[in-house]
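got a predicted structure here, sequence first:
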Amino acid sequence: MTSLPQLWLPILVAAVLVFVATAVIHMVLPIHKGDYRELPDEDGTLDALRRLGVGPGQYMFPCPTSMADMATPAMAAKYARGPVGTLIVGPTGPMRMGPAQAQWFTFCLVASACAAYLTGRARAPGSADVFRVAAAAATPAYVFASVSDSIWKGVSWTTTAKFVFDGFVCAVVTGAAFAWLWPTA
């Protein structure tokens, strides 16, 4: 067994490398270029949302008020008429990447710490097969995080498949960092 304090360096390095790898995937490679589409008549749609006072938040449409409401003929008609979807509205103003990147890096640290804990419980200092265990331990955090978006929010499975690929890259990077910096016996 390897204690968590012994693994502070692999945790930090794995988080940094995952952060850099995902930055390259999203800013350099074209893999995610088509994940979002522009609304038809974007200006008119945005004017309508402003006119209706739609503020920051998460919206579902149509939005039943209860499980019983879902079974009513009126709600069935709304679903049949369409459109059906979800909408996430952010605060007004320019996109602020800094806070999102800080949250992502914090997530990477937490995921690396969880992988470190599990790998440390399974492998002693000097173990040779740390990569396999650490990559497997990191897989749930990175690979499966976006699957529920396709199940419940209607995100296309093609987009989710790309994020699953990204997740496997993150898990492999985490495994490599742990194998590289694993404490010796």
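Noted; the coordinates are in hand. Numbering: from 1, shown residues only.

list the contacts for the residue located most distally from the centre of the chain?
Within the chain, residue 73 marks the point farthest from the mean C-alpha position, 36.3 Å out by Cα atoms, centre = their mean. By Cβ atoms under 8 Å, 6 or more residues apart in numbering, the contact list for residue 73 is empty. The way it works is simple: take the backbone N, C-alpha and C, and place the C-beta from them, glycine included.

relative to residue 80, how far out is it?
Noted for residue 73: a distance of 10 Å to residue 80, by Cβ to Cβ, to the nearest Å.

for residue 90, same thing?
For residue 90 relative to residue 80 (Cβ to Cβ), the value is 30 Å.

quick one: the helices in the protein?
Shown for the chain, the helices assigned by DSSP state H span residues 8-27, 42-51, 67-70, 73-81, 97-122, 130-143, 147-152, 157-181.

and the fifth one with helix 8-27, angle?
In this case it means helix 97-122. Using axes from the mean of the first three to the mean of the last three Cα atoms, to 10 degrees, the direction of helix 97-122 lies 130 degrees away from that of helix 8-27.

and helix 97-122, which residues are buried?
104, 107-109, 111-113, 115-120, 122 (16 or more other Cβ atoms under 10 Å).

what does stretch 145-153 give?
Neighbour-count burial for stretch 145-153 [16+ other Cβ under 10 Å]: 145-147, 149-150.

hmm, which of these is lowest in pLDDT?
Lowest-confidence member of those: residue 145, scoring 88 (pLDDT).

residue 167 is in contact with that one, correct?
Yes: between residue 145 and residue 167 there is a contact under Cβ atoms under 8 Å: 6.7 Å.

picking up where we left off before, same list, the buried residues of helix 97-122, but as TSV with distance to residue 4 please.
TSV is the format used below for these (distance: Cβ to Cβ, whole Å):
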residue	distance to residue 4
104	22
107	18
108	16
109	13
111	14
112	11
113	7
115	11
116	6
117	6
118	10
119	10
120	6
122	13
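
still on that earlier bit, right, and the helices of the chain - which one's nearest residue 58?
helix 147-152 (11.8 Å; Cβ to Cβ).
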